[in-house]
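Participant: Provide a 3D model corresponding to the input given below.
(chains A, B, C and D)
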Number of protein chains: 2
Amino acid sequence: MATTEEVGTMFSRVNVDRVSLVIVDQIKGLIREGKLRPGDRLPTERELCQRFGVSRVPVREALRVLEATGLATVRVGARGGGYLTSPTAERLGEGLSDLLSLSPLTAANVTEARMIVELGILPLVVERATADDITELYDLIEAGGTALQDGTYTMEMSAAFHIRVADSAHNPAISMLVRGFHGPLLMSLEKAMEIAPAMGRLGIDEHLKLVDAIRFRDLAAAETVLREHLHRTARRVEHTRLD
Amino acid sequence: MATTEEVGTMFSRVNVDRVSLVIVDQIKGLIREGKLRPGDRLPTERELCQRFGVSRVPVREALRVLEATGLATVRVGARGGGYLTSPTAERLGEGLSDLLSLSPLTAANVTEARMIVELGILPLVVERATADDITELYDLIEAGGTALQDGTYTMEMSAAFHIRVADSAHNPAISMLVRGFHGPLLMSLEKAMEIAPAMGRLGIDEHLKLVDAIRFRDLAAAETVLREHLHRTARRVEHTRLD
DNA sequence: TTGGCGTAATGGTATTACCAAAGTAAGGGA
DNA sequence: TCCCTTACTTTGGTAATACCATTACGCCAA
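Facilitator: Okay, here's the model as predicted:
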């Protein structure tokens, strides 16, 4: 007969997770291990049922979760079924915006984090920006200028510029972070405040100075410009709640 | 008879979304409008079925999606069902880390981004760290020291320390970011490389120096220590693939 | 030979009915 | 008063079925 202590170590905690969760985890694991890659087609629902030895309901729930996470899309019809997709930063921002609107994060919180990231990557940007990067940045600025004259300049265009700057660091992880922040943050701010034309003009001027500094690989100047630029926009959102 | 152009505008693209998606959107909408708040209990599955006029499967799929998005938890049993939750920094970071570890990013990408964030927040940490923060950081270091002697020191404990440092910036958005970095990504690295005892000793010494610098509000010293610390661990990861 | 059309095969979507397991809460006895 | 039992609520999972969307293929005609 085993003592109580022995029994305590004999049995390991049995995991009675939801079946759908187990399936999701297994598929995620396969993705992590590289055995499944974006573009791959998952087996049909019926086949997944057989492989996992479960009925269709949990399998479908798992597919919905993968879909919601941005890991897969499910098509109907012949040649339909689950297809793995590589989660984009856009999808991340989508999910994030839902959560941000509920979470105790304030716009000031997000802005502060954003400043840290965007200022922090400047050394990389100044070092790695290619001629193409610079050209595209100037193009964005020009587009912003004409939009400003038309009165069609939006916060979204400003966001696009900052995202393009981040892309010039040539690190996909950083691109994802910045995209993740800009989407939800600016979408909610856009509703709250119209862009005053003078404000836009000043913003675009600063964008221009920033790209100039990047072009000349002048880190100090770039930092000065961007810090002032971000601080100025930060002050506008200081007391704004995300809602 | 209508002309072709007229017909072109007469019909709008029919988009028969999945029922589960419609349900999710409706609930999200109610949350956004404030008609549903964290802590609220959703109607039971059966009742949702009646209200939406659909069967249980789509309803359950919708609940799974809400769960996966971090907007709700579902309990079984009497008084069970869906309860809306307010997403925490932990939950947000979890989603972020999932995304990072499942996207085609290299360890070097993520490490670089991590360094930018963790170094970037140091000014805030040095400025805002409370006595409690400092005490807890020392506690973590002490726990790490004893664990090291026992041979039970793990990457996870190191991660906990860095997360606690980030929490000392007292910005939930930043906490979320750093938690996102120290998720499954580092856990998978943990498998790849054992912590050499000497390595751990050195790491903990650096942790100690970092907290000392934070305590004395010595930003320059803190930056020097952390930069070296992160660079050292980064070098170990440099040629490691995420797989 | 080739283009278009109809049909069959494929595979997700939703309904219904049913049972099992897990919590909760209320009732009853010591 | 406290604990235990019991009954009920509610989700979790299975199975069978019908239905609809999409694609592939083969046939027929030009």
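
Participant: C-alpha from now on. contacts and neighbour counts both.
Facilitator: OK.

Participant: give me the below-cutoff pLDDT ranges for chain A.
Facilitator: By pLDDT under 70, the low-scoring segments of chain A are A:1-16, A:102, A:183-199, A:237-243.

Participant: can you give me the strands in it?
Facilitator: Counting by DSSP state E, the segments of chain A that form strands are A:72-75, A:81-84.

Participant: state the distance from the residue nearest the centre of chain A to A:T85.
Facilitator: Nearest to the geometric centre of chain A sits A:G180, at 2.6 Å (C-alpha atoms, centre = their mean). Using C-alpha to C-alpha, to the nearest Å, A:G180 is found at 18 Å from A:T85.

Participant: contacting residues for the spatially closest residue to A:L177 that is not a sequence neighbour?
Facilitator: Closest residue in space to A:L177, ignoring its immediate chain neighbours: A:A89 at 7.5 Å, by C-alpha to C-alpha, 6 or more residues apart in numbering or on different chains. Applying C-alpha atoms under 8 Å, 6 or more residues apart in numbering or on different chains, we find A:A89 in contact with A:S175, A:M176, A:L177, A:R179, A:G180.

Participant: okay, those residues in CSV with distance to B:A68 next?
Facilitator: CSV is the format used below for the contacts of A:A89 (distance: C-alpha to C-alpha, whole Å):
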residue, distance to B:A68
A:S175, 24
A:M176, 20
A:L177, 20
A:R179, 21
A:G180, 18
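
Participant: how close does A:R18 get to A:R60?
Facilitator: Distance from A:R18 to A:R60, by C-alpha to C-alpha: 13 Å.

Participant: looking at the two, which is more packed in?
Facilitator: Set A:R18 next to A:R60 and count neighbours by other C-alpha atoms under 10 Å in any protein chain shown: A:R60 wins out with 20 against 9.

Participant: isn't the more buried one up against A:E45?
Facilitator: Yes: with contact defined as C-alpha atoms under 8 Å, A:R60 reaches A:E45; the gap is 7.2 Å.

Participant: what about the nearest residue to A:V225 once chain neighbours are set aside, neighbour count?
Facilitator: Nearest residue to A:V225, sequence neighbours excluded (C-alpha to C-alpha, 6+ apart): A:L210, at 6.0 Å. Per other C-alpha under 10 Å, the neighbour tally for A:L210 reads 22.

Participant: surely A:L210 meets A:L219?
Facilitator: No: using C-alpha under 8 Å, A:L210 is not in contact with A:L219; the gap is 9.7 Å.

Participant: identify the contacts common to those two.
Facilitator: Between them, A:L210 and A:L219 share no contacting residue under C-alpha under 8 Å, 6+ apart.

Participant: do I have it right that A:V225 meets A:K209?
Facilitator: Yes: assessed by C-alpha under 8 Å, A:V225 is found in contact with A:K209 at 7.0 Å.

Participant: show me which of the two is the more surrounded one.
Facilitator: Between A:V225 and A:K209, counted using other C-alpha under 10 Å, A:V225 has the larger neighbour count: 19 against 16.

Participant: how far away is the more buried one from B:G144?
Facilitator: Look at A:V225 and B:G144: by C-alpha to C-alpha, they are 42 Å apart.

Participant: before we move on, the earlier item: now intersect the contacts of A:A89 with the helices, please.
Facilitator: Under the assignment DSSP state H, those contribute A:S175, A:M176, A:L177, A:R179, A:G180 to helices.
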